[in-house]
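*Asks:* How does the following fold in three dimensions:
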Amino acid sequence: MPPALPTTADALVAQSWGFVTDRALQTAAELGIPDLVASGPLSLKALAEATNTRPDALRRLLRPLVGIGIFRLGEDDTYGRTQESALLESDHQNTLRPWFRLMYRVTYRMLDDPLSTLRTGRPSFEERFGNTYFAHMAQHPEDSAVFHAAMASFTRRTARAVAESYDFSAAGSIVDVGGGLGTLVVDILNRHPEPTGTVFDLPDLAGPARAALDAAGLHERATVASGDFFAAVPQGRTHLLSWILHDWDDERALTVLRRCREAQDGQDGRLLIVEAVLAEQPSADMTTALDLVMLFGLGGRERTEAEYGALLKEAGFQHLRTLPLEAPGMYVIEARPH
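*Replies:* Numbers count the residues shown, from 1 in each chain. Next up, the predicted model:
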């Protein structure tokens, strides 16, 4: 007799348990297990000793991860590397480990009590951690390091697509506002020899950003500047806002846009916004999930193309076009002063 087909209820129950495997994967990344098996399979005992965990508990954590192909369980009861676990290794060129560590340390925990946000309008992060998101990062260096590494990891996934999809040959002086460690500027300047670049962010990121630019051989074409983008941003012909505006509500996002407008060198300037863009109709995708993270974590929001257009108009820009990127769900929104 053939097995019964899964019912709608079965599918919903399975979905309700998905968070458990997600949490196991985040924990494995936090423990650095992919790094441990990178050079060869290891026994459960060796993994438990290296991670200061109990063998039986660790076996149970790893079981679902073996089941979805993150690790390989050998006949000799050792755990080995897979194509998936390689992406979670710290030294992989496209590592996702910082992203999953951020999920483990912060993102998952701030979703503990979404009802508090729904009832008060305040990010539940503030109740869970006792501070705003960025104030918490400023006071907790280890979480901050994980956050910035995660942002650099995610930017690496989109930076190449941005550099390839948009013609920066006439961009002139590029200012990456909130540019973090300079990942996007490095990709753009390496692909386009004509423009120069400035990475603008908080003072504590100036040293790492300068080191990243120098390591890329960009000492003469790229500079670093520090400050508060709500107060002022450096002058330039082209201003970049990559994964910045979605952190903030409309009022604060509008302030950042106005600071960029004030810093444009002339009417031929350009503003490029790199963000996910919400579909006009409800859907279940990365952008809608990210919108909830912004709601519960930072008080920010994802936006539709029309909503970005309205913000740009109010800030003194004309929305020119929206370019889809190869990176799933990501776009470049191009505007100019008017």
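*Asks:* What is the burial count for Leu25?
*Replies:* 21 (other C-beta atoms under 10 Å). Any C-beta I mention is one placed from the backbone N, CA and C, and that applies to glycine too.
*Asks:* can you pull the contacts of it?
*Replies:* Leu65, Ile70, Phe100 (C-beta atoms under 8 Å, 6 or more residues apart in numbering).
*Asks:* Next step: those residues restricted to helices.
*Replies:* Leu65, Phe100 (DSSP state H).
*Asks:* so can I have CSV of the contacts of Leu25 showing neighbour count, distance to Gly217 and pLDDT?
*Replies:* Shown next, in CSV, are the contacts of Leu25 (neighbours: other C-beta atoms under 10 Å; distance: C-beta to C-beta, whole Å; pLDDT from 0 to 100):
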residue, neighbour count, distance to Gly217, pLDDT
Leu65, 21, 39, 98
Ile70, 24, 36, 98
Phe100, 24, 31, 96
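*Asks:* nearest to Val274, of the contacts of Leu25?
*Replies:* Phe100 (22.2 Å; C-beta to C-beta).
*Asks:* What distance do you get for that closest one to Gln26?
*Replies:* 5 Å (C-beta to C-beta, to the nearest Å).
*Asks:* Leu184 now?
*Replies:* In terms of C-beta to C-beta, Leu184 sits 26 Å off from Gln26.
*Asks:* Between the two, point out the one with more neighbours.
*Replies:* Each of Leu184 and Gln26 has its neighbours counted (other C-beta under 10 Å); Leu184 has more, 27 against 19.
*Asks:* got a list of what that one touches?
*Replies:* By C-beta under 8 Å, 6+ apart, the contact list for Leu184 reads Thr155, Thr158, Ala159, Val162, Ala163, Asp176, Leu240, Ser242, Val274.
*Asks:* Take those residues and keep only those in strands.
*Replies:* Among the contacts of Leu184, the members falling in strands (DSSP state E) are Asp176, Leu240, Ser242, Val274.
*Asks:* how much space between the first one and Arg60?
*Replies:* Distance, Asp176 to Arg60, using C-beta to C-beta: 44 Å.
*Asks:* What of the third one?
*Replies:* According to C-beta to C-beta, Ser242 stands 40 Å off from Arg60.
*Asks:* The residue nearest to Tyr133 when sequence neighbours are not counted: neighbour count?
*Replies:* Excluding its sequence neighbours, the residue lying closest to Tyr133 (C-beta to C-beta, 6 or more residues apart in numbering) is Leu298, at 4.8 Å. Leu298: 19 surrounding residues under other C-beta under 10 Å.
*Asks:* how close does Leu298 get to Val106?
*Replies:* Distance, Leu298 to Val106, by C-beta to C-beta: 11 Å.
*Asks:* And Ile174, by the same measure?
*Replies:* For Ile174, the distance to Val106 - C-beta to C-beta - is 30 Å.
*Asks:* Which of those two has more residues huddled nearby?
*Replies:* Ile174 (26 against 22).
*Asks:* What is the host helix or strand of the more buried one packed up against?
*Replies:* Take DSSP states H and E as the rule and Ile174 turns out to sit in strand 173-177. Using 3 or more C-beta pairs under 8 Å, 6 or more residues apart in numbering; DSSP states H and E, the elements in contact with strand 173-177 are helix 183-191, strand 196-201, strand 238-242.
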